[in-house]
Structure formats: structure tokens, C-alpha cells
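Requesting a structural model of the entry that follows:
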Amino acid sequence: MAEAKFDVVFAGPLVTLQAAGRPGHMRFGVPASGAMDRLAFDAANVALGNEVGQTGIEISLGGLILNCTQGAVTLAITGGNFNVQINSKKMRSWTILTVQKGERLSITAGKAGSWAYLAFAGQIDAPAWLDSKATHSTSGFGGGALQPGQTVTLSDAFVREERLGDIQQPDIQTQGPIQVVTGPQDQHFAPETVDQFITDSFAVSDAYDRMGMRLKGPNLPLVGALSIPSEPIVRGSVQVSGDGVPTVLLADHQTTGGYPKIATVISPDTDRLAQYRAGQAVRFVGITGAEAVAEARSYARRKVEYLAEISVARGSLAQRLMRENLNHGWAAD
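Model (predicted):
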């Protein structure tokens, strides 16, 4: 079986191996983890012909530089608008390309987005924890964070010429304010404070990692309760600490929390919010529980359709030329 190897020349903070996540363990205190932007992560694998959730690399704004030291492999890059470069050749993200021995792949922060995804047409050799290679960033359990000097080894590495080219970017996510359902502890805030959370603007602070995103903006004072009995929390929960500052919980969030939650970001919008950068303005809009369920179901259908569309291989270069009917005429001497 073909094998490919990459030496890690540089890896910024929070560049980790990620997979579909580790569901079913939160009742034991184990976060699900997985990709911050699940749509982009799934798109990278599906467009490459992989199974959904296959282990790949999540790249933060710190960037990643890899040297291919053995073999050749086709790979996909999605996520934020990052800069991609092979040796001296520059290109955009949302693309599929092949990297061969002796070539250097560089993925660095571009104009927008906080996370990029690198999927391979091959299996990354890495340790699993609780049957998943998804990395829990705080503990390091799972596949782990990439470090300079490390070697990434791929087994069953393939070159997939029929997959090369741009990946159609999704247009299935809503635009505008981030949708939330208020509560479940909005009773610990004055009605005008809840209204302020919905109507005023916030900004992403520098306190932002895989666990959560602390926001800057209007103070959200609590009414009589600095904490509540710890209870289960989910990705998208908006906790408000005693200083009145909200934090949106993300992929590596703790499994229980004792701060009141003023609102919950609906699941389809958590991926979009995760791509916001520090300093970027955030506005929220409140919707009902029934509307949130309807939006989640609609989004799930649109996502299935989108992934099915990009999963179709383009064909080899020869097949593409035939489809374009470039040889449509001839000339005689």
C-alpha cells in the first residue's frame, strides 16, 4: 500500500488533528470535540471522496507548513479564506491538489475566517482516544496538536486526478445576525438586559479558542444569582459570568457549567460564528424554539444536498477534455 510522509516545518497554536468528534461521552464529562466548522470539515472530506468525519488537520490563524518527504497524495483545503502555496505557486483555499515528494505546502491566514481544514486521500496514522482521533485541545487527548519536527504519516495514500480543482463553496448558511433561542436561564437577567443582548452589537475578543469565544460589548448584569447548580451545557450556550461578560461555548466546551445562560446559538449558526475573528462585530437575533427546530431540519437537508453535489468526481483530465468537446473539428493540409 502507498505511503506518504510530511515533516511539520511550522505549526501555529491550536493546529490539531480532528475527526467527526467523540459523541456519547458527555455524560462522563468528556467533551465531543471535533471540528470548529463542521460544514467546511465535512466538505473537505466529501469533495476528496473520503468518508464523512475522516481524520484531517484543523489549522488556526497561526498557519501550517509541511514538507512532503515521501510519496504523493491528493488533498483538499477548505474553511476560511486562507492563503495556500505549494513551493512558489500560490492559490486559494477551497481546492483539491496533489503534493509530491520534495514539495512544500504552506497554509496561512488570509482575508477572512479563523479555521482551515486539510483532508488527505489517505489515513493519518495517529493515536485514538475513546475510538476517535479528534483532539481535545486542553488535555491533548486524541490525535494531538501538531508540533515542528513531527512527521505526519499517511497510509493508503492515493493520487486522485479525477478530483483535482476548485471545490464549490457552500451557500446554505444564513447571512446576517447569529440566530439564538433565549434561555434557559434568562430569568436571571432583567428583561431589558435580555433585549439588550438581542439588539446591541458585540465584538469577538482576543479570548477565543476551541473551548469558547468571549465577547466584548454591553455589560449583562445578573439579577441576584452569580451562579446556578451545575448542569449539562451544549455547543452554542452563551454563558454570562459574574462580571456580566458573555462567552459562547464551542467545540471543546466543558460538559457542565454553573453560570446562567442567557441564550443558545442554534446549531447551524455555530459553524459560521466559529469562523469570526477577534475584533469582528457580532449581532444576535432571537427566534423561537419551534423556529430553531425548523431551521435545523432545513439546514440538515441543504447540507446533505450540498455534500452530495460536491462528492461527484470531475473525471480525469482526458475525460474532462472529452466532455468539453475541445476536439470539435479538424483541418486538412
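
all contacts plus neighbour counts: C-alpha atoms, from now on.
OK.

dump the residue contacts of G122.
Counting by C-alpha atoms under 8 Å, 6 or more residues apart in numbering, G122 touches 73, 154-158.

And the residue nearest the centre of the chain, how far from W129?
In the chain, the residue lying closest to the centroid (C-alpha atoms, centre = their mean) is D37, at 2.3 Å. Using C-alpha to C-alpha, to the nearest Å, D37 is found at 21 Å from W129.

quick revisit: how many residues are close by the residue nearest to the residue nearest to the centre of the chain when sequence neighbours are not counted?
Counting by C-alpha to C-alpha, 6 or more residues apart in numbering, D271 is the residue found nearest to D37 once chain neighbours are left out, at 4.4 Å. Neighbour count for D271, taken as other C-alpha atoms under 10 Å: 20.

and what of G315?
There are 15 residues near G315, going by other C-alpha under 10 Å.

List the residues that contact it.
Applying C-alpha under 8 Å, 6+ apart, the residues near G315 are 161-163.

Which of the contacts of G122 fall within strands?
Among these, the members falling in strands (DSSP state E) are 73, 154-155.

Narrow the residues you listed to those that are buried.
By neighbour count, with 16 or more other C-alpha atoms under 10 Å, those hold 73, 154 as buried.

Could you dump the ones in strands among the contacts of G122 into JSON lines with distance to D252 and pLDDT added?
Below are the ones in strands among the contacts of G122 laid out as JSON lines (distance: C-alpha to C-alpha, whole Å; pLDDT from 0 to 100):
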{"residue": "V73", "distance to D252": "30", "pLDDT": "98"}
{"residue": "L154", "distance to D252": "26", "pLDDT": "98"}
{"residue": "S155", "distance to D252": "28", "pLDDT": "97"}
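
most surrounded residue in the contacts of G315?
Going by other C-alpha under 10 Å, R163 tops the contacts of G315 with 26 neighbours.

For that one, grab phi and psi.
Main-chain dihedrals, R163, degrees, to the nearest 10: phi -110, psi -10.

And it, how close does it get to G79?
18 Å.

Equivalent analysis for T95, please.
Going from T95 to G79 by C-alpha to C-alpha gives 10 Å.

Which of the two has more residues huddled nearby?
More crowded of T95 and G79, by other C-alpha under 10 Å: G79, with 26 against 21.

Identify the residue spatially nearest to the more buried one, adjacent ones excluded.
Distances taken as C-alpha to C-alpha, 6+ apart put A116 closest to G79, at 4.2 Å, once the chain neighbours are dropped.

Name all residues that make contact with S201.
Contacts of S201 by C-alpha under 8 Å, 6+ apart are 217-218, 281-284.

Restricted to buried residues, select those residues in PyMOL.
Per 16+ other C-alpha under 10 Å, the buried members of the contacts of S201 correspond to this PyMOL selection:
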select buried, resi 217+218+281+282+284
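
Can you tell me which of the contacts of S201 lies closest to Q185?
Q185 has its nearest neighbour among the contacts of S201 in F284, at 17.1 Å by C-alpha to C-alpha.

State the distance from that closest one to L273.
In terms of C-alpha to C-alpha, F284 sits 11 Å off from L273.

Could you pull out the residues contacting both of those two?
Residues touching both F284 and L273 (C-alpha under 8 Å, 6+ apart) are I178.

ok, the lengthiest strand in the chain: who's next to it in the sheet?
Secondary structure of the chain read by DSSP E shows that its longest strand is strand 104-120. Sheet pairing of strand 104-120 (DSSP bridges) gives strand 56-59 (antiparallel), strand 64-70 (antiparallel), strand 72-86 (antiparallel).

Check the average confidence over the first one, would you?
When pLDDT is averaged along strand 56-59, the result is 98.

For the residue nearest to V312 when sequence neighbours are not counted, give me its contacts.
In this structure, V312 finds its nearest non-sequential neighbour in A47, 7.4 Å apart by C-alpha to C-alpha, 6+ apart. Neighbouring residues of A47 by C-alpha under 8 Å, 6+ apart: 76, 163, 167, 307, 310-313.

What subset of those is buried?
Neighbour-count burial (16+ other C-alpha under 10 Å) is assigned, among the contacts of A47, to 76, 163, 167, 307, 310-311.

Contacts for the helix or strand S298 falls within, please.
Here S298 is covered by helix 289-310, with elements defined by DSSP states H and E. Outside helix 289-310, the residues that touch it by C-alpha under 8 Å, 6+ apart are 39, 42-43, 46-47, 167-168, 170, 172-173, 180-181, 266-268.

can you rerun that using 7 Å?
Outside helix 289-310, the residues that touch it by C-alpha atoms under 7 Å, 6 or more residues apart in numbering are 43, 46-47, 168, 170, 172, 181, 266-268.
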